[in-house]
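In: below are the sequence and a predicted model; questions follow.
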Amino acid sequence: PKNANGKSKNNIAKKLQSVENAVLSKDGIDLESGKTLDELIDYNSWVRKYLVDEILGNFDGGYLSHYLYVNDDSKVYAGPVWDYDRAMGNELEWFTVTNPNVFVFNRYINGNEEKNNPVLENLAKTDDFLSYSKKVFREECIEAIDEILTKKIPEYTTTIKKSAELNAFRWSNKDFDFNAEIGEVSSYLKEHTNFLYRVWIEGEDICQVAFVGLQNDLFYSLPKGGVLSEIPTVKDTEYTIFKGFYYSDTNEPFDKSKPITEDTEIYAKWENKKSNPIKTAVKYSPVLVIAVVFIVLIIIDFKRNKRGGGKE
């Protein structure tokens, strides 16, 4: 409601909690209300919202700027879409989503409360929801994506070019290359759609690998039973030493020659550097000198004022 009171807000909160309970339960039923997911959510809107977020690589989906509403039938609907500035390979400082050959949802194998939404993460794994998603993807999305790539992006390119260049000028982005940006967006959309088609429609059996604990978490996919062709290159920082990669589930050192047979999370292990008193002193000596001089000047000034006060 436009002017929701405490009672209506509480009812909405209960509905959302009921949805989460059902999604996170083993049988898809909220034990508190006894309702199934079919009774709680509108599958049609949730599947389409999920597909828009997955296809466009919107890692904010279900996490930030994710809108829901309750209709007259009391079911929870997903939508409208909103806030896609971090989509189609556009990365954040602490996230990396530029690899089009990994899922945007379910990238974190062991979950991550800070970066994931447990409702959509688990909903996307259920058989009914996933089957419906594949059906809509095959029957509706592929054709729509083809139209976007062949018609809509060229049209938008002509429409927004001057605006984009002025925006780059306003923010002093001297490295801005409009045509390169268009190419990156188109490339991500095409490659990610092909990835989804291979996995969802053709049934390609893949494993995803997540490298976490880095400045930017990195994600890869490969055929089940394959070996990673590359692993992240990591350097020591000013204060920490990189001690290698380890499997998150066993804490054993990562073996890059070992075939990957299941989704795997690997974490970077770090050790704090021992402080060097001499280097620390040299580094902070200018600050210390200034501080000492400042304190001395204050003491001198205090004594001078005190003497002056005594004469009066």
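Out: Perfect, I can see it now. Model, not experiment: these values are computed from the prediction.
In: pLDDT averaged over whichever strand or helix holds A164 - what is it?
Out: In this structure, A164 sits in helix 153-170 according to DSSP states H and E. Across helix 153-170, the average pLDDT comes to 94.
In: buried stuff in that helix?
Out: Neighbour-count burial for helix 153-170 flags T157, A164, A168 (criterion: 16 or more other Cβ atoms under 10 Å). For glycine as for every other residue, the C-beta is placed from the backbone atoms N, C-alpha and C.
In: neighbouring contacts of stretch 48-58?
Out: 60-62, 78-79, 81, 84, 86-89, 97, 100, 103-105, 120, 123-124, 129, 133, 136-137, 141, 145, 188-189, 192-193, 196 (Cβ atoms under 8 Å, 6 or more residues apart in numbering).
In: just the buried members of those residues?
Out: Taking 16+ other Cβ under 10 Å as the criterion, what is buried in these is 60-62, 78, 81, 84, 86-89, 97, 100, 103-105, 120, 123-124, 129, 133, 137, 141, 145, 188-189, 192-193, 196.
In: out of the residues you listed, list just those in strands.
Out: A78 (DSSP state E).
In: test my guess that V70 contacts V76.
Out: Yes. Taking Cβ atoms under 8 Å as the definition, V70 is a contact partner of V76 at 5.8 Å.
In: can you list residues touching both of the two?
Out: Residues touching both V70 and V76 (Cβ under 8 Å, 6+ apart) are K15.
In: so where's the stretch 1-150 of the chain shaky on pLDDT?
Out: Scanning the stretch 1-150 of the chain with the threshold set as pLDDT under 70 gives 91-98, 108-117.
In: which residues in it form helices?
Out: Listed in chain order, the helices of the stretch 1-150 of the chain (DSSP state H, counting those that start in this stretch) span 6-24, 37-40, 43-55, 118-123, 127-136, 142-147.
In: now for the residue nearest to E238 when sequence neighbours are not counted, how many residues are close by?
Out: Excluding the flanking residues, the one nearest E238 by Cβ to Cβ, 6 or more residues apart in numbering is K273, at 7.8 Å. Other residues near K273 come to 12 when the count uses other Cβ atoms under 10 Å.
In: try E39
Out: For E39, the neighbour count with other Cβ under 10 Å is 15.
In: I'd say it and D73 touch.
Out: No. Look at E39 against D73 with Cβ under 8 Å: they stay out of range, at 9.7 Å.
In: and the gap between the residue nearest to the spatial centre of the chain and L218?
Out: For the chain, F59 is the residue whose C-alpha lies nearest the centre (Cα atoms, centre = their mean; 4.5 Å). Applying Cβ to Cβ, to the nearest Å, the value for F59 to L218 is 14 Å.
In: list the contacts of F137.
Out: Contacts of F137 (Cβ under 8 Å, 6+ apart): L51, I55, L196, W200, I201.
In: go on, Y67?
Out: Y67 sits in contact with A78, G79, P80, W82, where contact means Cβ under 8 Å, 6+ apart.
In: change it to 6 Å
Out: When contacts are counted by Cβ atoms under 6 Å, 6 or more residues apart in numbering, Y67 is found next to P80, W82.
In: just E262 next, same as before
Out: C207.
In: measure it to A124 for me?
Out: Using Cβ to Cβ, E262 is found at 18 Å from A124.
In: G225 now?
Out: Distance, G225 to A124, by Cβ to Cβ: 24 Å.
In: need the contact partners of stretch 157-172.
Out: Here stretch 157-172 makes contact (Cβ under 6 Å, 6+ apart) with F176, F178, I182.
In: ok, 10 Å please
Out: Under the contact criterion Cβ atoms under 10 Å, 6 or more residues apart in numbering, stretch 157-172 has outside partners N173, K174, D175, F176, D177, F178, N179, E181, I182, V185, S186.
In: from the chain's centroid, how far away is it?
Out: Averaging C-alpha positions (Cα atoms, centre = their mean, to the nearest Å) puts stretch 157-172 26 Å from its chain's average.
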